[in-house]
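1. Would you be able to build a 3D model of this:
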Amino acid sequence: MANAIIVHETGGPEVLKFEGVEVPAPGKGEAAVRHTAVGVNFIDVYYRTGAYPAPQKPFGLGFEGAGVVIAIGEGVTEVAVGDRVAYGNSPLGAYSTERVMPAKNLVKIPAGVDDETAAAIMLKGMTAQYLLRRTFRVGPEHTILFHAAAGGVGQIACQWAASLGATVIGTAGGEEKVALAKTKGCAHVIDYKRENFVERVKEITGGKGVDVVYDSVGKDAFPGSLDCLKLRGLWASFGQSSGPVPEFPIALLGQKGSLFATRTSLFNHVGTRPELEMTAADLFDVVASGKVKIDINQRFALADAADAHRALEGRATTGSTVLLP
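-> Residues are numbered from 1 along each chain as shown. Okay, the predicted model is just below:
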């Protein structure tokens with residue numbers, strides 16, 4: 001019998017229950033994976049609390065993991081038994097020792113990337129990939145603002161953007177996180193706890209503003225994020241760690257400079273096998289090259305997932321967090 005974190009009712013970290021579960025044999029198009037590491041992300045909190053509705057109750061948690069294929073079902077060609085694999089997309093259920101999932105969602109881990117790193121980067125790293133290479137294609141001519149630069153996505157994205165030649169402005173809370181962000185590709189870091197980030201962005205850019213704001217913070221960064229943009233700049237919202245952005249009239253975008261706005265999702269960028277393979281390959285390449293270094297700063301036993309969530313929600317984490325089965 002395998003073990004998994006199961007949520008029977010949404011709520012605080014205490015609703016995460018470590019239970020024995022039966023893992024079925026893989027069916028057509030499916031593969032069974034024995035996890036070696038599982039990634040922890042803020043989207044897991046959204047599902048645990050009910051901010052994002054799960055498809056049913058009870059439900060497993062987590063979208064990101066790495067491990068070894070131990071069995072495959074009929075018709076599976078994407079992976080084989082014994083392959084080291086990783087994933088960072090649906091369905092829910094990564095917080096487990098073993099699971100069965102669609103083989104089409106798995107990618108092989110290259111030799112230059114270890115399992116913990118793969119588990120730590122799939123969701124966060126593929127998010128950074130689509131934000132920087134598809135939502136807004138960042139290059140040397142651009143200045144960007146990345147909120148939560150010391151967080152999991154932020155550290156990957158800021159290093160990646162800097163490697164692409166962009167001028168990166170990051171925000172972070174407190175001296176330690178500011179110091180960390182400065183080592184992760186940010187040319188400038190704004191401490192939002194003691195500085196007005198809008199005023200500082202205007203100061204840094206000589207009043208011009210930035211080409212794009214990447215925002216996973218939500219409520220606390222709005223509408224300030226819009227005020228940091230150049231004329232016709234892009235606000236890319238991809239999370240809401242401080243709460244959802246309040247409703248606003250679309251005319252506000254015109255008033256603030258004919259701005260563009262988007263609310264993005266990883267699942268809309270890796271929905272086909274070619275997109276998934278391209279996104280993962282780009283991510284693995286930039287990590288294996290050393291241009292993006294991954295810091296796994298928190299490790300918890302799978303059974304202690306509640307403690308991992310408390311740390312994440314308390315903003316007591318930096319870099320990536322993994323659960324070890």
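2. Tell me how many other residues crowd the closest residue to Ala157 other than its chain neighbours.
-> Nearest residue to Ala157 in three dimensions, chain neighbours excluded: Ala128, at 3.9 Å (Cβ to Cβ, 6 or more residues apart in numbering). Quick note: C-beta positions are derived from backbone N, CA and C, even for glycine. Applying other Cβ atoms under 10 Å, we find 30 residues neighbouring Ala128.
3. can I assume Ala128 is in contact with Val153?
-> Yes. Judged on Cβ atoms under 8 Å, Ala128 makes contact with Val153 at a distance of 5.8 Å.
4. For the residue positioned nearest the centre of the chain, which residues are in contact?
-> The residue lying closest to the centre of the chain (Cα atoms, centre = their mean) is Lys124, at 2.8 Å. Counting by Cβ atoms under 8 Å, 6 or more residues apart in numbering, Lys124 touches 39, 41, 64, 88, 152-153, 156, 320.
5. Within the helices and strands, which one has Gly170?
-> Assigned by DSSP states H and E, Gly170 falls within strand 167-172.
6. how about low-confidence regions in the stretch 201-325 of the chain?
-> For the stretch 201-325 of the chain, no stretch is flagged by pLDDT under 70.
7. quick one, what contacts Leu266?
-> Applying Cβ under 8 Å, 6+ apart, one finds that Leu266 lies in contact with 88-89, 123, 126-127, 130.
8. Can you show me the strands along the stretch 1-150 of the chain?
-> Assigned by DSSP state E, counting those that start in this stretch, the strands in the stretch 1-150 of the chain fall at 2-7, 16-21, 30-39, 59-60, 65-72, 84-87, 98-102, 107-108, 143-146.
9. repeat for the stretch 151-300 of the chain
-> For the stretch 151-300 of the chain, applying DSSP E, counting those that start in this stretch gives strands covering 167-172, 188-191, 210-215, 229-237, 260-263, 296-301.
10. May I see those strands organised as TSV, with mean neighbour count and distance to Ala94 added?
-> Supplementary listing: these in TSV, determined by neighbours: other Cβ atoms under 10 Å; distance: least, Cβ to Cβ, whole Å:
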stretch	mean neighbour count	distance to Ala94
strand 167-172	27	27
strand 188-191	22	31
strand 210-215	27	24
strand 229-237	19	24
strand 260-263	14	24
strand 296-301	16	14
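11. before we move on, the earlier item: how close does the residue nearest to the centre of the chain sit to Ser96?
-> Distance, Lys124 to Ser96, using Cβ to Cβ, to the nearest Å: 20 Å.
12. what residues go with each domain of this protein?
-> Taking automatic domain parsing as the criterion, the chain consists of the domains 2-121+270-324, 140-263.
13. what sits against Cys158?
-> Going by Cβ under 8 Å, 6+ apart, Cys158 touches 146, 149, 168, 170, 181, 184-186.
14. Out of these, which comes closest to Lys208?
-> When the contacts of Cys158 are ranked by distance to Lys208 (Cβ to Cβ), Val168 comes first, at 15.4 Å.
15. List the residues that contact that closest one.
-> Contacts of Val168 (Cβ under 8 Å, 6+ apart): 143-144, 146, 149, 158, 161-162, 185-188.
16. Would you point out the most distant pair within those?
-> Greatest spacing in the contacts of Val168, by Cβ to Cβ: Thr143 and Ala149 (14.0 Å).
17. follow-up on the earlier one: tell me the one of the contacts of Leu266 nearest Val201?
-> Within the contacts of Leu266, proximity to Val201 (Cβ to Cβ) peaks at Thr127, which comes in at 22.4 Å.
18. What confidence value was assigned to that closest one?
-> Thr127 is assigned a pLDDT of 95 by the prediction.
19. One more: Phe42?
-> On pLDDT, Phe42 comes in at 87.
20. returning to what we had before: got a winner among the contacts of Cys158 for most neighbours?
-> Highest count within these by other Cβ under 10 Å belongs to Phe146, 33 neighbours.
21. Relative to Gly82, how far out is Pro249?
-> Going from Pro249 to Gly82 by Cβ to Cβ gives 56 Å.
22. give me the number of residues near Pro249?
-> With other Cβ under 10 Å as criterion, Pro249 counts 8.
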